[in-house]
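**Q** next come a sequence and a model predicted from it.
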Amino acid sequence: MRQPPFLAIILTPLLILGLATLLTWVERRLLGLWQDRYGPNRVGPGGMLQAVADGIKMLFKQDWIPPFADKGVFVLAPAIGMMTVLLSFAVIPATSLRSIAGNLNVGLLFILAMMGLGVYAVVLAGWASNSKYALLGGMRAAAQMISYEVFMGLSLMGVVMITGSFSLYDIVAAQSGLWFIVPQCLGFIVFLLAGIAETHRLPFDLPEGENELGAGFHTEYSGMKFGMFFLAEYAGIVLVSALVTTLYLGGWLGPFLPAAVWFVLKTGTLVAFFILLRAALPRPRYDQLMTLGWKVLLPLSLLNIAATGTILMLRAPE
Amino acid sequence: MSDLLSISALCCHDGAAMHILAILSASITVVGAIMVITRSIAVHAVLYLVVTLLSLASVLSLLGAPFAAALDVIIYAGAIMVLFVFVIMMLNLGQPDSDREKEWLRPRAWFGPAVLAAVLCGELFFGLRDMPDAGPISMITPRDVGLMLFGPYVMMVELVSFLLLAGLVTAFHIGRYRMEDR
């Protein structure tokens, strides 16, 4: 396998940023469709340039740092959020040819590590803002994301056990017979829920919780710094969708169509599902979120590991 | 895996680049660690500790142990340090605490430990100078680590699990919600 050209390394983050920007429009149009209204349809064809208009608006806003904030950390926080999400894309194989980082033999762990570091964006934003709402949002985020990371990692172990590798290539290649969503349906459900909590999207957007905390951790942010949180969230949705596709839905595998098309189709469907969740579900209470995590998802993921291990042992050649 | 192997092989061929990367990461680790103990604001200290751990992870991966590097980032930088920040946020430290930290960082306080640390550092330097060359770097895959953990080191794994269980029971006991207390 040869190294990807330098151009690909430059283009991929730009492509993902463009996708995230476009997603803000897609989300509003889809929400409109499901709620029987139009959504933004004025700027450009079908309202497509609404995202550009929003971007221009954000760039021209005053870039304000509250005088009571910790300036260095305040500026650092959105950058961490953006960076960790973009770095994670380096190991996701969109086609059988390559991902940017090649076939990293700890690819899955690398993504988990980046997601773990992504928590800092929200937590530090909450701390550096030096305001009560932001602090509460940050503390909620820390507790929520740390808890859900546990189940996220555990739910993946079934996949890793069957494949016998942390490499995302090997995981996709192992699904050529049967997608892992069938033997690993428990793991899939836990991972999907943990993924939603990890990107703190509705219905698990308690760190933001706009009806109780103002805007939660990004209450004090405005302009493009807020924009970076916003875009990082959408890039995070794409990341989790791409990850679910890779781990459970067979990645680029599929008949007739080219590999890249299959990957985009599966990921796109999952992104739409994420948006549908926002349209369909109310936000749970904070203690309900924690109870669901520790009392339901944790036992389920442990059960999944035990069952997978047992079956693998029984099937193993002597 | 073949790709990473080829990268590390490339690094080994290109010894200079490898050395520069390793020295750079090691220097960041040391500078970060110094910053950790000299910051008066607790969250800044924790952030420098995160930087230290990240550069430590890159040293590990340069030494051919990507699995250990990934675990270092996931567990220490991604989980334990977040908990540190969480606790610091709960304590709600302010200017008085920062001033007190500054008070503790006077030369009188750090001079003694610094001398002792310098002696240790010199000892380490002379010790390392006489060490034989460990030879070319070989990759340690996750599979190798797993086999070691459940082979020669299975006793240690069991002991650590005991320790964790004790911690879990203690946390449960302390954090238990008691009806009669209300």
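**A** Done, it's in.
**Q** got the residues of chain A near chain B?
**A** By the criterion of CB under 8 Å from any CB of the partner chain, the positions of chain A lying close to chain B are A:1, A:70, A:72-73, A:102-106, A:109-110, A:112-113, A:115-117, A:119-120, A:123-124, A:126-127, A:135, A:138-139, A:142-143, A:145-146, A:149, A:153, A:164-167. Just so you know, the C-beta spots here come from the backbone N, C-alpha and C atoms, and that holds for glycine as well.
**Q** what's the PyMOL line that selects buried ones from these?
**A** Of the residues of chain A next to chain B, the buried ones go into a single PyMOL selection, burial set by 16 or more other CB atoms under 10 Å in any protein chain shown:
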select buried, chain A and resi 70+73+102+103+104+105+106+109+110+112+113+115+116+117+119+120+123+124+126+127+135+138+139+142+143+145+146+149+153+165+166+167
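**Q** near chain A, which residues of chain B? Just list them.
**A** By the criterion of CB under 8 Å from any CB, the positions of chain B lying close to chain A are B:1-4, B:7, B:41, B:43-44, B:47, B:50, B:66-67, B:69-71, B:73-74, B:77-79, B:82-83, B:85-86, B:88-90, B:141-143.
**Q** report the buried members of these.
**A** Burial by neighbour count, judged by 16+ other CB under 10 Å, picks out B:1, B:3-4, B:41, B:43-44, B:47, B:50, B:66-67, B:69-71, B:73-74, B:77-79, B:82, B:85-86, B:88-89, B:141-142 from these.
**Q** return the list of helices and strands in contact with the helix or strand harbouring residue A:115.
**A** Residue A:115 is located in helix A:107-128, with elements delineated by DSSP states H and E. Taking 3 or more CB pairs under 8 Å, 6 or more residues apart in numbering or on different chains; DSSP states H and E as contact, the helices and strands that helix A:107-128 lies on are helix A:71-88, helix A:132-163, helix A:168-173, helix A:223-248, helix B:42-62, helix B:66-71, helix B:81-91.
**Q** tell me which of those sits nearest to residue B:112.
**A** Each of those was checked against residue B:112 via CB to CB, and the shortest separation belongs to helix B:42-62, namely 20.8 Å.
**Q** okay, residue A:52 and residue A:78: tell me how far apart.
**A** Between residue A:52 and residue A:78 the distance, using CB to CB, to the nearest Å, works out to 20 Å.
**Q** higher neighbour count, the two?
**A** Here residue A:52 and residue A:78 are compared on neighbour count by other CB atoms under 10 Å in any protein chain shown; more neighbours surround residue A:78, at 24 against 14.
**Q** isn't the more buried one right up against residue A:222?
**A** No: Residue A:78 is beyond contact range of residue A:222, at 11.3 Å (criterion: CB atoms under 8 Å).
**Q** what about the helices in chain B?
**A** Along chain B, the segments classed as helices by DSSP state H run B:2-13, B:15-38, B:42-62, B:66-71, B:81-91, B:95-104, B:107-129, B:142-149, B:154-175.
**Q** I'd like those helices written out as a markdown table, with mean pLDDT added.
**A** Rendered in a markdown table, the data for the helices of chain B read as follows (pLDDT from 0 to 100):
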| stretch | mean pLDDT |
| --- | --- |
| helix B:2-13 | 46 |
| helix B:15-38 | 87 |
| helix B:42-62 | 91 |
| helix B:66-71 | 90 |
| helix B:81-91 | 86 |
| helix B:95-104 | 82 |
| helix B:107-129 | 88 |
| helix B:142-149 | 88 |
| helix B:154-175 | 92 |
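**Q** all good on my end, thank you.
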